[in-house]
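3D model of this:
(one chain, ligands or ions: 1)
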Amino acid sequence: MESRAKVAGHAVHPMLIVFPLGLLATAVVFDIIHLVSGDIRWAEVAYYLIGAGVVGGLAAAVPGWIDWFAIPQGTRAKRIGLIHGVGNTVVLVLFVLSWLLRRENPGVPPTEAVVAGLAGGGLAAITGWLGGELVERLGVGVDDGAHLDAPSSLSELPAGAERGVVSRSAMPSRYQGVERRAFPQPAYAGVERRSRGAH
Ligand code: HEM
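So this is what the prediction gives:
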């Protein structure tokens, strides 16, 4: 199911989630190093990482919800997407709480602030897995007709367009997404054709 929020032909959500995932996970690791070493600089950096990670998470959530609203009702993807989205919202709330609790003295965070960060990191591991499930298992954000020889996302051709499958001449001059539904191709179309000896 094709993503609705795209830049340069690719879904925006997976581009942006690297910020919250990387920044917030690193903050948790820095908190642990601070606990072990007692060096306040690790906790201070964790404070800034959490602030940046929350901002990144809010930005990533926007295309996430746009894509979720486009998923058909009553599907497993809709349910998993909801758990993923709400779960990640809880993750962000936990890190906001952690950030607020350490604002007074970032170098010496109270235990509650560290626990909130650990809880947020643990929950993010689960919601992140659900994100992978959405893409790899349920095909959310994967162009319809995607296959191993699909043309470039910048070509304005549907992913199912391939020599012998959907010819360029059969395509309207400017692909606008409607043709995708007229020429649906399974994700394995290219492989299957090769295994049958087709060219
Ligand atoms: C901090 C916030 C979030 C993080 C870290 C996050 C993380 C992820 C990850 C790791 C994936 C899999 C990407 C891939 O394998 O290419 C994913 C996919 C997805 N997430 Fe999120 N997510 C967040 C927020 C949300 C929210 C609020 C929603 C709203 C429902 C949402 C909806 C989706 C959808 C629909 C997909 C499928 C791929 C796509 O549409 O681009 N996510 N997310």
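
Kindly state the domain boundaries assigned to this protein.
6-137, 153-195 (automatic domain parsing).

and the longest one, is it in reach of the ligand?
Yes - for domain 6-137, a contact with the ligand is found by CB under 6 Å from any ligand atom, at 11, 13-14, 17, 20-21, 57, 60-61, 64-65, 67-68, 81, 84-85, 88-89, 91-92, 128, 131-132, 134-135. Just so you know, the C-beta spots here come from the backbone N, C-alpha and C atoms, and that holds for glycine as well.

how far does that domain stretch from start to finish?
20 Å (CA to CA, to the nearest Å).

Quick check: mean pLDDT of it?
In this model, domain 6-137 has an average pLDDT of 98.

Retrieve the pLDDT associated with residue 156.
For residue 156, pLDDT reads 86.

How much space separates it from the ligand?
20 Å (CB to the nearest ligand atom, to the nearest Å).

gap between that residue and residue 9?
The gap separating residue 156 from residue 9 is 9 Å, by CB to CB, to the nearest Å.

before we move on, what about residue 25?
28 Å.

mind checking how far stretch 82-96 is from the chain centre?
Taking CA atoms, centre = their mean, to the nearest Å, the mean C-alpha location of stretch 82-96 is offset from the chain mean by 13 Å.
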